[in-house]
Structures are given as structure tokens and as C-alpha cells.
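[1] I need the structure of the sequence given here:
(2 chains)
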Amino acid sequence: MLDGAPCGVMTTLDEGTFVRVNATFCKWIGRAAEDLVGRRRLQDLLTMGGRIFHQTHWMPLLQMQGSISEVKLEVVHKDGQVIPMILNAIRRERGGRMVHDLAAYVARDRDKYERELVRARHRLEELVAETKRLHEEAKDRALFAEQILGIVSHDLRNPMSTIQMGVALLGRTAASPSQERTLERMQRSTERANRLISDLLDFTQARMGKGLAVAPKRIDVHESIGAALEELTFAFPGRALKHERNGTGECVADAGRLAQAVGNLVANAMTYGRPDSAVTVTTSIQGATFSVSVHNDGDPIPPELRDRIFEPMTRGSAAPSAVRSVGLGLFIVSEIAKAHGGRAVVTSTAEAGTTFSLVLPRGVD
Amino acid sequence: MSVERRNHVQVEGSGPSTMFFAHGFGCDQNMWRRIAPAYAKRYRTVLFDLVGSGKSDLSAYDPVKYGTLQGYADDVVEIVREFGQGPAIFVGHSVSSMIGMLANLTDPKPFAAQIMIGPSPCYVNEGDYVGGFTRADIQSLLETLESNYLGWSSNMAPAIMGAPQQPELAVELTNSFCRTDPEIAKQFARVTFLSDLRKDLPRLQTPTLIIQCNDDLIAPVSVGEYMHEKLPHSTLAVIENVGHCPHLSAPGPSTAAMDAFLAQEKL
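    Numbers count the residues shown, from 1 in each chain, chains lettered A, B, ... in the order given. Model prediction:
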């Protein structure tokens, strides 16, 4: 009956020599029973890896716990082909000696499937390791770049202030009209460079630290912004800059930071807005919030740009390169709004024009 | 972390000297159950699991430290210092006989005798030296290990590592004596079978017994003879046994050889 069993059935001595073996197993491995019984040991039929495993795991386990199950070993066919098999074994005494009763079945499909799983796991592990490495590298590079940016902008301040002082000193002495024009250009350029430096410093602070530093105080927002706009008027000669005020009441905010935000927004409005139309700054106080808005007429911001306009390094491509900045202005506006517990928003259509607003909590009870 | 917990150290018996038992590649300290209890009547016995095996603390497994046999040997030095009383007799099976030798070479003072069961200084054939295996054979072993997790699954790890104070909580499952994290098993296999300590053999000054089986695939007789030739103070005892674990399959002849050697060394 065992000869026709759908699995390999055999008995070996303690040290592995076959005592009996059924026809199924013989057929699977291409050897006659007489070639096995009394002549070969189970381990002689295994691959080298299987033989070592047999010595280091199989034998001690059978000795210690009397049985072992679900072990997958490769049995070598007489023609050299390797057949994966699952083996179970029980060690017991029979006829005054210890014997091992074994059952084996061929597991080719299962073997293929398991190898696939093992390969997939290896690939996954490699991918995870690679992803982790790339992520760490990118983080390192970003941190390094931001640190360099911070250091360079900081160190640029000293030479810039020397140049600015020199320009101011030269301006006091008598100069020819053409020299004066040169000095004016130098003056404007150093101011632009200084703005760029403070933008870069704000950017690195916002990215590396916990947002921009603000020092909020009780202020009259109409007055604060009004004073800032007076200064801005001189920066854009020949352009109309209007201020509208709605509502009354105190707000708690950092007046310097608000002026910086309005400065960035007005500069953008002058650059991208229609030159023959006024730029309007509106300060509104309503209930528990206040807002500062800057409006200009002109072509609207394309929708795909509008969605990420407050991200760093984003800028409109319409303006000539001479008036373009590195694209930090709106990022800093948005960071200033965040540092006040509020947010920056934009609306832009062909009919209504473009309006950037900081919507902030008033911060007073 | 305590050495006791890290290596699941078990101390029994008492006597003028201490016998340390170190299991080999594959299983754990249960391997000694047929011979250690008898020695506990005459000696203080210390059984332990190598880190990564048995009930050792798997969180202590550092792939860099245990990337060489010296990492295991450093643990043995600590175990011998902490749990030894009187002269130390170090009984190592298979790779642990080499780990014991490295521990001895690191700090020879406590060691009075080394007993090596089925040792091999180098498993891979190198030039004229016949270790018995090729590198392809070791690769084949790694693949066999990969197909046989012996009841291991990652969600079982906490149960194995947990609660050393309450051993009854750790349920003994089928194949548990040989169960290890498959990644650790593979690295341990590589470290074991690809190590080459032949040049260290002449440095061992402690009297050494080599127990050699007459039919052992892992450590052939020629390797036992090589060990005997290179170790300055060694005794070679060849016993009748098929396989690599005579302390399990031939405990009588194994202890007879050990007792004769211990009597000769007056231990």
C-alpha cells in the first residue's frame, strides 16, 4: 500500500542509512530501492547546503525533540537534477534500535513561489535601503545649501554697508550731473542688494528654524502702513500709490514685518501691474481680524502659477530679468502672515485685477 | 544590559572549577542536556546562548560586532570573568571551540583547559588545506537556511525576547531549539563557515582536548588531525560517531574522552 502512496515514505537508521523506502520516493529520485537500502544515507542524497543543514539543524532537533516537520531540502536525482522536497520525520525506537520514519513530498511549485517571495523581499529591502540613503543625502544637501545661504548672506552685509556709506559720502561732495546719475544708480543697486540679503536671511530663518521671528506690539495699522507707503512713494517715482483705510481699532502686530510684506507686495505690483494704473493698498479692521491688501490692474496670474505662488523660488516669467528677484518675496510675505497666526491669499482675474492680502488676527480682546 | 540576560546564562552545580559550555552554529544551549547535568555534580557549570541564538537578547545583536568570531569571543571573556570560580574549563562545540580559543587568546589567565568538540579552524578549502567545503557549498547552505525558518516569524520575536524573569511565558514551540531570526542565522552561517583561524592555533598555550568523530561531514578527521598538529598542547580523541554532534548522539564516548582528559590535567 505504501508503494502507491502519493508521498515518499521511508525509514532510516539513526545515522541516516535507509532501512526501507517506498516506490514513490524511488521513482522521484530515479534510484532503485536496492540502490538505497543498506547502501546510502538520506544525507548522501542532499545538496551540500542541505547536508550541512542536516548536520547542524535536522539531526540535533531530532535528537532533542524526537520529531521535526516542514523542513525543505533539495534532494538530488540520479541524473543530477535537484528536486525540492518537504520532509517530516519522527525518531523512535523499533526492534531495539532507534529509527527515523520520514515522509516527503515534492514541492516544485511551492519552491518556485517561495523563491519569488524571497527575491521580492530582497528587492524590497534593497529599494528601501536605497530610498533611505537618497533621502538622507537630499536632506544633507538641502541643509548644507541653506546653511551656506545663511552664512553668505550674513557675511555680505558688511561689504554692502561699506559701499552704501561710501555712496552716501560721495553724494555730499560736489559732483557733475553724470556722476550724480551714476551715484543714484549705485544707491538703488545697493538698496536692492540689501533687500535681497535680508530676504535670503529671512528665508533661511524660516526654513531652518521655526518660522520667522516677529515682535508684535499694539499698533494702529492704518498709521504704520501709511508711514511705510510714504517711503515707498519715493522708490517708485512717477507711479501712483494709493492708501485706503476701513474700520478703526488697535491691532497686535510687528509693524516692521508688516511694512516689509507691503514693500514686497508693492514692488511686485509695480513690476507686474499696468504702468498707467494706480497700485492701491487697503488696510481694513473688521471684528477679530484685520487685513492688508495690495491691488494692481493688469494681466492675471496664470492659474498653474497661482497655486504655488507662495512657495520659494516661484516667480512670474513675464517681467524682464532686470526687475526679477530670486523669487523669495512672496514666500516671505506668506511666512510673515504665518508668524502672526494668519495667512496670505491671492485673487487674480482679468476684470478685477490682482489682489494679494495678509489676513491676520487682531490679537486684542 | 546584564551579561546574564544578554547570553541567557544558566549556572548550576558547584565544585572547585567552572565548566563553560558553548553551543555551535544551529541550535542553542539545549544541545548540552545529555552531558551537562552529570558535570554539575562535580563542577560549577555555566551554560549560555550565543547572542542571536536561543533565548539570548536579540536586541543585543549588533551586525558589526558579530561580523567576526572575535565579537562572540569578547562576550565569552565577559561571561568567564563574571561567572567563573576557580580554573575555567571551556567546552565548545564546533564554531564555539574556535570562539573559546579566541577568548583564551584575548585573556588567557582564567583558562585551565579547552575542550573542543568537532572543531575546524577553516571550513573552506584553501590551497593545500582541505577544510571540506567550497565557497559555493556555503552559498548553498545560505539558500537552504533561507528556505527553512523553522517556525520563525517576525511577530514571534517579542515572545522570544520577552520576560526572562518569567520563563514559563515563553512557550516552547516545535523546532524552537534551532529557531533564530533568519537574517541573524545567515550572518552567523557566513561568519562561521568563512572564518579562517589557522594562524592562531600555534598561539594557544592551554591544554586542549580535541574530540573528533570518525565520520563527520562538517569537521572531517583530516581537520581534527590538522588541529592536533598545530595546537601546541593538544590531545586528540577520535570517537565512533556519525555526525557532528557526538554530545547528543554519543554522549557516553564523549564524556569518557572528556573525563580521561580532565583526570590527566588534574581538574
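[2] Tell me who's in contact with A:Thr190.
    A:Met160, A:Ile163, A:Gln164, A:Val167 (Cβ atoms under 8 Å, 6 or more residues apart in numbering or on different chains). (C-beta placed from N, C-alpha, C; glycine too.)
[3] For chain B, what's the nearest residue on the stretch 51-200 of chain A?
    Of all residues in the stretch 51-200 of chain A, A:Thr56 sits closest to chain B, with a separation of 3.4 Å (Cβ to the nearest Cβ).
[4] With just CA atoms, put stretch B:205-225 into CSV.
    Output in CSV follows, covering the C-alpha atoms of stretch B:205-225 (Å, rounded to 0.1, in the frame of the first residue of the first chain):
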residue,chain,number,x,y,z
GLN,B,205,49.1,27.7,25.4
THR,B,206,46.3,26.0,27.3
PRO,B,207,46.0,22.1,27.3
THR,B,208,43.4,21.2,24.8
LEU,B,209,41.3,18.1,24.1
ILE,B,210,40.0,17.6,20.5
ILE,B,211,37.0,15.3,20.3
GLN,B,212,36.9,14.1,16.7
CYS,B,213,34.1,11.9,15.3
ASN,B,214,35.2,9.2,12.9
ASP,B,215,32.5,10.3,10.4
ASP,B,216,31.7,14.0,10.4
LEU,B,217,30.8,15.9,7.3
ILE,B,218,31.4,19.3,9.0
ALA,B,219,34.7,18.5,10.6
PRO,B,220,36.4,15.6,8.8
VAL,B,221,39.1,13.5,10.5
SER,B,222,41.8,15.2,8.5
VAL,B,223,40.8,18.6,10.0
GLY,B,224,41.0,17.1,13.5
GLU,B,225,44.5,15.8,12.7
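[5] which one of the contacts of A:Thr190 has the most neighbours?
    Within the contacts of A:Thr190, most neighbours by other Cβ atoms under 10 Å in any protein chain shown means A:Val167, with 18 neighbours.
[6] Spell out which residues of chain A are next to chain B.
    Residues of chain A lying close to chain B (Cβ under 8 Å from any Cβ of the partner chain) are A:14-16, A:43, A:47-53, A:55-57, A:59-61, A:63-65, A:67-69, A:71-74, A:84, A:111, A:114, A:118.
[7] out of those, which are buried?
    For the residues of chain A next to chain B, a burial check counting by 16 or more other Cβ atoms under 10 Å in any protein chain shown picks out A:14-16, A:43, A:47-53, A:55-57, A:59-61, A:63-65, A:68, A:71-74, A:84, A:111.
[8] Mind checking which of those residues are in strands?
    Of these, the ones assigned to strands by DSSP state E are A:Ile68, A:Val71, A:Lys72, A:Leu73, A:Glu74, A:Pro84.
[9] roughly how far apart are the fourth one and A:Ile52?
    Here A:Leu73 is placed at a distance of 11 Å from A:Ile52 (Cβ to Cβ, to the nearest Å).
[10] Pull out the buried positions in stretch B:255-265.
    For stretch B:255-265, the neighbour count (16+ other Cβ under 10 Å) marks B:Thr255, B:Ala257, B:Met258, B:Phe261, B:Leu262, B:Glu265 as buried.
[11] so the residue nearest the centre of chain B, which of the three states?
    By Cα atoms, centre = their mean, chain B has its centre lying nearest to B:Ser96, at 2.8 Å. Under DSSP: H, G, I helix; E, B strand; the rest coil, B:Ser96 falls in the helix class.
[12] show me the contacts for it.
    By Cβ under 8 Å, 6+ apart, the residues touching B:Ser96 are B:Ala22, B:His23, B:Gly24, B:Leu50, B:Tyr72.
[13] picking that back up, now, which of the contacts of A:Thr190 lie within helices?
    Counted as lying in helices by DSSP state H, out of the contacts of A:Thr190, are A:Met160, A:Ile163, A:Gln164, A:Val167.
[14] Widest-spaced pair of these?
    A:Met160 and A:Val167 (10.6 Å; Cβ to Cβ).
[15] ok, which stretches of the stretch 51-200 of chain B are strands?
    Applying DSSP state E, counting those that start in this stretch to the stretch 51-200 of chain B gives strands spanning B:88-93, B:111-117.
[16] now do the stretch 251-365 of chain A
    Under DSSP E, counting those that start in this stretch, the stretch 251-365 of chain A gives strands at A:251-253, A:279-286, A:289-296, A:343-349, A:353-361.
[17] The stretch 1-150 of chain A now?
    Ranges of strands in the stretch 1-150 of chain A, per DSSP E, counting those that start in this stretch, are A:8-13, A:18-21, A:67-76, A:82-94, A:97-106.
[18] so can I have JSON lines of the ones you listed showing mean pLDDT?
    Shown next, in JSON lines, are the strands of the stretch 1-150 of chain A (pLDDT from 0 to 100):
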{"stretch": "strand A:8-13", "mean pLDDT": "96"}
{"stretch": "strand A:18-21", "mean pLDDT": "96"}
{"stretch": "strand A:67-76", "mean pLDDT": "90"}
{"stretch": "strand A:82-94", "mean pLDDT": "94"}
{"stretch": "strand A:97-106", "mean pLDDT": "95"}
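[19] Please convert the ones you listed to a markdown table, extending it with distance to A:Leu265.
    As requested, the strands of the stretch 1-150 of chain A are arranged in a markdown table below (distance: least, Cβ to Cβ, whole Å):
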| stretch | distance to A:Leu265 |
| --- | --- |
| strand A:8-13 | 83 |
| strand A:18-21 | 90 |
| strand A:67-76 | 71 |
| strand A:82-94 | 72 |
| strand A:97-106 | 77 |
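[20] hang on, B:Lys65 packs against B:Gly71?
    Yes. If you go by Cβ atoms under 8 Å, B:Lys65 and B:Gly71 touch, sitting 4.0 Å apart.
[21] quick one: low-confidence ranges for the stretch 51-200 of chain B?
    For the stretch 51-200 of chain B, the stretches flagged by pLDDT under 70 are B:150-176.
[22] Grab the most central residue of chain A for me.
    With distances taken as Cα atoms, centre = their mean, chain A has A:His135 as the residue nearest its mean C-alpha position (7.3 Å).
[23] From B:Leu69, how far off is that residue?
    Here A:His135 is placed at a distance of 35 Å from B:Leu69 (Cβ to Cβ).
[24] try B:Ala60
    Applying Cβ to Cβ to B:Ala60 and B:Leu69 gives a distance of 17 Å.
[25] follow-up on the earlier one: tell me which entries of the buried residues of stretch B:255-265 lie within strands.
    For the buried residues of stretch B:255-265, not one is inside strands, with DSSP E as the criterion.
[26] Please convert those to a markdown table, extending it with distance to A:Arg188 and pLDDT.
    Shown next, in a markdown table, are the buried residues of stretch B:255-265 (distance: Cβ to Cβ, whole Å; pLDDT from 0 to 100):
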| residue | distance to A:Arg188 | pLDDT |
| --- | --- | --- |
| B:Thr255 | 98 | 97 |
| B:Ala257 | 98 | 97 |
| B:Met258 | 96 | 97 |
| B:Phe261 | 97 | 97 |
| B:Leu262 | 97 | 97 |
| B:Glu265 | 96 | 95 |
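[27] Out of these, which comes closest to B:Lys230?
    Nearest to B:Lys230, judged by Cβ to Cβ, of the buried residues of stretch B:255-265 is B:Phe261 at 18.2 Å.
[28] pretty sure that closest one contacts B:Leu236?
    No. If you go by Cβ under 8 Å, B:Phe261 and B:Leu236 don't touch, sitting 10.4 Å apart.
[29] So for the two, which residues contact both of them?
    Shared contacts of B:Phe261 and B:Leu236 (Cβ under 8 Å, 6+ apart): none.
[30] which outside residues touch stretch A:165-185?
    If you take Cβ under 8 Å, 6+ apart as the criterion, stretch A:165-185 is touched by A:Met186, A:Gln187, A:Thr190.
[31] What residues of whatever helix or strand the last one lives in count as buried?
    Taking DSSP states H and E as the criterion, A:Thr190 maps to helix A:177-208. Along helix A:177-208, the positions that meet the burial threshold by neighbour count (16+ other Cβ under 10 Å) are A:183, A:186-187, A:190, A:194-197, A:199-207.
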